[in-house]
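Asker: sequence first, predicted coordinates after that:
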Amino acid sequence: MLEAGVHFGHGTKKWNPRMAPYISAKPSKGKQFLIVGTKNKAADSVARAAIRARCHYVNKKWLGGMLTNWPTTETRLHKFRDLRTEQKMGRLNRLPKRDAAMLKRQLSRLQTYLGGIKYMTGLPDIVIIVDQQEEYTALRECITLGIPTICLIDTNCDPISQIFRFRQMMTL
């Protein structure tokens, strides 16, 4: 992930000294990953890194309940796949203009929000979150479902305060 540019750390002179033990990059194999990073600076890099690593990703907006309400998300994924198939086969062009435009808008919206998880068939084994403060909802869902989570935070953050916030979230 560091090679892919997903890591947006600061120069070593600006690091918080208490952050040093938490800066690492250990490989993990044989697991189904979901990478979540919706910050403007990280979104494109997250998508590129996930595609290259053949992982699922969310880089536009985390839709609340995406994991905790998996059956509904799965239904939307099926709808997305069906619309893509219809578009590729040219069936949308045979519909009246108004209906075709409505379905194309729906397809575009689904591509924006679910495009990175279109081939996901179940809950991920591991979720990697870029900036846990930004992705609070995603982190809460992972905690609720017991999915192991790796959070990437800036190197100028105080890890003690991040751990404190994490513990607060677990008690809510």
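Answerer: Right, received. Where do you want to start? Residues are numbered from 1 along each chain as shown.

Asker: contacts and neighbour counts: CA atoms only from here.
Answerer: OK.

Asker: looks like residue 128 contacts residue 142 (just checking).
Answerer: No: at 10.2 Å, residue 128 does not count as touching residue 142 under the criterion of CA atoms under 8 Å.

Asker: how is the chain divided into domains?
Answerer: Using the TED database, the domain parsing of the chain gives 12-63+127-171, 68-122.

Asker: can you redo these as CSV with mean pLDDT?
Answerer: As requested, those are exported to CSV (pLDDT from 0 to 100):
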stretch, mean pLDDT
domain 12-63+127-171, 78
domain 68-122, 92
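
Asker: any idea how far residue 81 is from the residue of the chain positioned farthest from its centre?
Answerer: Distance to the chain centre peaks in the chain at residue 96, reaching 35.6 Å (criterion: CA atoms, centre = their mean). Noted for residue 96: a distance of 21 Å to residue 81, by CA to CA, to the nearest Å.

Asker: in this structure, which residue is closest to the centre?
Answerer: Taking CA atoms, centre = their mean as the criterion, residue 36 is the residue nearest the geometric centre of the chain, at 2.4 Å.

Asker: for the chain, just list every one of the strands.
Answerer: Using DSSP state E, the strands of the chain run over residues 33-36, 56-58, 126-130, 149-152.

Asker: can you pull the buried residues of the last one?
Answerer: So that's strand 149-152. Using 16 or more other CA atoms under 10 Å as the burial criterion, the residues of strand 149-152 that qualify are 149, 152.

Asker: what's the longest helix in the protein?
Answerer: Using DSSP state H to define each element, the chain has its longest helix at helix 70-89.

Asker: need the CA coordinates for that helix. PDB is fine.
Answerer: Provided in PDB are the C-alpha atoms of helix 70-89 (Å, rounded to 0.1, in the frame of the first residue of the first chain):
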ATOM      1  CA  TRP A  70     -25.600  -6.600   3.800                       C
ATOM      2  CA  PRO A  71     -28.800  -8.200   2.300                       C
ATOM      3  CA  THR A  72     -29.900  -4.800   1.100                       C
ATOM      4  CA  THR A  73     -26.500  -3.900  -0.300                       C
ATOM      5  CA  GLU A  74     -26.400  -7.300  -2.100                       C
ATOM      6  CA  THR A  75     -29.800  -6.500  -3.700                       C
ATOM      7  CA  ARG A  76     -28.400  -3.200  -5.000                       C
ATOM      8  CA  LEU A  77     -25.300  -5.000  -6.300                       C
ATOM      9  CA  HIS A  78     -27.600  -7.400  -8.200                       C
ATOM     10  CA  LYS A  79     -29.500  -4.500  -9.600                       C
ATOM     11  CA  PHE A  80     -26.300  -2.800 -10.600                       C
ATOM     12  CA  ARG A  81     -25.000  -5.900 -12.400                       C
ATOM     13  CA  ASP A  82     -28.300  -6.300 -14.200                       C
ATOM     14  CA  LEU A  83     -28.400  -2.700 -15.400                       C
ATOM     15  CA  ARG A  84     -24.800  -3.000 -16.600                       C
ATOM     16  CA  THR A  85     -25.600  -6.200 -18.600                       C
ATOM     17  CA  GLU A  86     -28.700  -4.500 -20.100                       C
ATOM     18  CA  GLN A  87     -26.600  -1.500 -21.100                       C
ATOM     19  CA  LYS A  88     -23.800  -3.700 -22.700                       C
ATOM     20  CA  MET A  89     -26.400  -5.600 -24.700                       C
END
